[in-house]
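**Student:** Sharing a sequence plus its predicted fold:
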Amino acid sequence: MKTKHLIDLEALSTEELMEIIALANDIRENPAAYAERCRGKILATLFYEPSTRTQMSFKTAMLRLGGSVIGFDNPQNSSVAKGESLKDTITVVGGYADIIAIRHSMEGTAKAASLYSAAPVINAGDGGHLHPTQTLTDVVTLYNEKGTLDNMCIGLCGDLKNGRTVHSLIKTMSHFKGNRFVLISTPELTVPQYIKDVMNASGCRYTEVSSLAEAIPMLDVLYMTRIQRERFKNYEEYEKQRGVFVLDREKMLRARPDMKILHPLPRVDEIAEDVDYDSRAKYFVQTVYGMYARMALIIKMLENADGKPMARKLSTHHIRCTNPNCITYTEEYLPHLFRPLGGDMVLCQYCEGRNLI
Ligand code: CP
């Protein structure tokens, strides 16, 4: 792997992604061969936001590789509660650990952390932006359960606006041949513009629809997501959206016999419990694939670690990102970094928000 940090899977070539899938499958088949692979190495899990799967699968992955784990899952039990900045926390932890997995509610946090860390940083979810290791989980699942990552009709249903797993998955699957997307949501929760830009740039076909029952017969994969309550301004807005899309046995009667159901979990009410017993439901086995995917990722990233922090001071743009969920809003010392988009538009390098110069 050429990249030091994993902020977005776009940093990996398709070949590198396929190598991780192959390694994950080899670890799954021969776990004993990898039991000492990371002996003496330390993973830090810095979870500023709640998690069951991502945090525990990262920890289990490192322990199964013979390494050790430090970190926090509640920032109130760390010096964050005393007002410590992200930069200072990362600078310190990057001196203790060999690799860091970080989750935070603000978009672009992993990118910001990577500017100050001697150790490789893995984005374990940054607000409603991206979740690349969930996508590794998803592609390992799809590759094993469908036998291919090409030529699929992929339905994504639920909170496509705030669902970071949706954004990462679309980005990655857009690079594989012949995939098309059916985006099933209410008009308020459609995918952000930067994800439409990705699909347009890659030439992937997509349609936006509002009926799961009508879309389901055409799908090879259905990726269900929960409505992300924690991203809504108030409970009333969330209440308007919850319960609109529910996958149940009746809808499954309309689905192809080989359609696979994925879900990043946690589930709230968007998949009825009795669908769990349908052989097409893959969301629990998906969590196990995720552990092997993270084992493979840790191995690959540690092979590449150089121990050097980004010491140089980055020059800062004269404008600042207008996205109120961008990490630059709360960590004000961060340099303002943008990529030109053409015309008078630039893209924030932390949160991918579009900004006018
Ligand atoms: N899929 C996922 O990110 O789950 P957790 O929030 O439990 O980590």
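**Tutor:** That came through, no problem. Numbers count the residues shown, from 1 in each chain.

**Student:** Residue numbers of the stretch 201-350 of the chain in contact with the ligand?
**Tutor:** Residues of the stretch 201-350 of the chain lying close to the ligand (Cβ under 6 Å from any ligand atom) are Pro264, Leu265, Pro266. Every residue, glycine included, has its C-beta placed from N, CA and C.

**Student:** Quick check: closest non-adjacent residue to the first one.
**Tutor:** When you say that, I think you mean Pro264. Leaving aside its chain neighbours, Pro264 sits nearest to Thr165 (4.2 Å; criterion: Cβ to Cβ, 6 or more residues apart in numbering).

**Student:** Secondary structure element holding that neighbour?
**Tutor:** Following DSSP states H and E, one finds Thr165 within helix 164-173.

**Student:** For that helix, C-alpha coordinates in PDB please.
**Tutor:** What follows is helix 164-173, C-alpha atoms only, in PDB (Å, rounded to 0.1, in the frame of the first residue of the first chain):
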ATOM      1  CA  ARG A 164     -21.300   7.700   5.700                       C
ATOM      2  CA  THR A 165     -21.200   4.100   4.800                       C
ATOM      3  CA  VAL A 166     -23.300   4.800   1.800                       C
ATOM      4  CA  HIS A 167     -20.900   7.600   0.600                       C
ATOM      5  CA  SER A 168     -17.800   5.400   1.000                       C
ATOM      6  CA  LEU A 169     -19.500   2.400  -0.700                       C
ATOM      7  CA  ILE A 170     -20.700   4.300  -3.700                       C
ATOM      8  CA  LYS A 171     -17.200   5.900  -4.200                       C
ATOM      9  CA  THR A 172     -15.500   2.500  -4.200                       C
ATOM     10  CA  MET A 173     -18.100   0.500  -6.200                       C
END
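
**Student:** Thought Gln55 was touching Met291, still the case?
**Tutor:** No - between Met291 and Gln55 there is no contact under Cβ atoms under 8 Å: 11.7 Å.

**Student:** just the helices in the stretch 251-357 of the chain please.
**Tutor:** Taking DSSP state H, counting those that start in this stretch as the criterion, the stretch 251-357 of the chain contains helices spanning 283-304, 327-330.

**Student:** Using JSON lines, please lay out these together with mean neighbour count and mean pLDDT.
**Tutor:** Below are the helices of the stretch 251-357 of the chain laid out as JSON lines (neighbours: other Cβ atoms under 10 Å; pLDDT from 0 to 100):
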{"stretch": "helix 283-304", "mean neighbour count": "21", "mean pLDDT": "97"}
{"stretch": "helix 327-330", "mean neighbour count": "21", "mean pLDDT": "96"}
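
**Student:** quick one: which of the ones you listed is nearest Leu160?
**Tutor:** Leu160 lies closest to helix 283-304 among the helices of the stretch 251-357 of the chain, at 17.6 Å (Cβ to Cβ).

**Student:** packing partners for the closest one?
**Tutor:** Packed against helix 283-304, as judged by 3 or more Cβ pairs under 8 Å, 6 or more residues apart in numbering; DSSP states H and E, are the following elements: helix 14-29, helix 53-64, strand 99-104, helix 132-146, strand 260-262.

**Student:** tell me the most buried of those?
**Tutor:** Among these, the stretch with the highest mean neighbour count (mean count of other Cβ atoms under 10 Å) is strand 99-104, at a mean of 27.

**Student:** Out of the residues of the stretch 201-350 of the chain next to the ligand, give me the one that has the most neighbours.
**Tutor:** Pro264 (27 neighbours; other Cβ atoms under 10 Å).

**Student:** can I assume that residue is in contact with Thr135?
**Tutor:** No - using Cβ under 8 Å, Pro264 and Thr135 do not qualify as a contacting pair, with a distance of 9.2 Å.

**Student:** Give the residues shared as contacts by those two.
**Tutor:** Common contacts of Pro264 and Thr135 (Cβ atoms under 8 Å, 6 or more residues apart in numbering): Thr165.

**Student:** for the protein, what are the low-confidence residue spans?
**Tutor:** The model of the chain has pLDDT under 70 over residues 310-312.

**Student:** Kindly recompute the last result at 80.
**Tutor:** 306-317 (pLDDT under 80).

**Student:** Quick check: the most centrally placed residue in it vs the ligand, distance?
**Tutor:** Centroid-nearest residue in the chain: His131, 1.1 Å away (criterion: Cα atoms, centre = their mean). The gap separating His131 from the ligand is 6 Å, by Cβ to the nearest ligand atom, to the nearest Å.

**Student:** That residue contacts Lys171, doesn't it?
**Tutor:** No - in this structure His131 lies outside contact range of Lys171 using Cβ under 8 Å: 10.8 Å.

**Student:** Contacts only, for the residue of the stretch 151-300 of the chain found nearest the ligand.
**Tutor:** Relative to the ligand, the nearest point of the stretch 151-300 of the chain is Pro264 (3.7 Å; Cβ to the nearest ligand atom). Shown in contact with Pro264 (Cβ under 8 Å, 6+ apart): Arg53, His131, Gln134, Thr137, Asp138, Gly163, Thr165, Thr225, Gln286.

**Student:** Would you mind measuring from it to Gly40?
**Tutor:** 32 Å (Cβ to Cβ, to the nearest Å).

**Student:** Val198 now?
**Tutor:** Taken as Cβ to Cβ, the span from Val198 to Gly40 is 39 Å.

**Student:** I appreciate the help and will end here.
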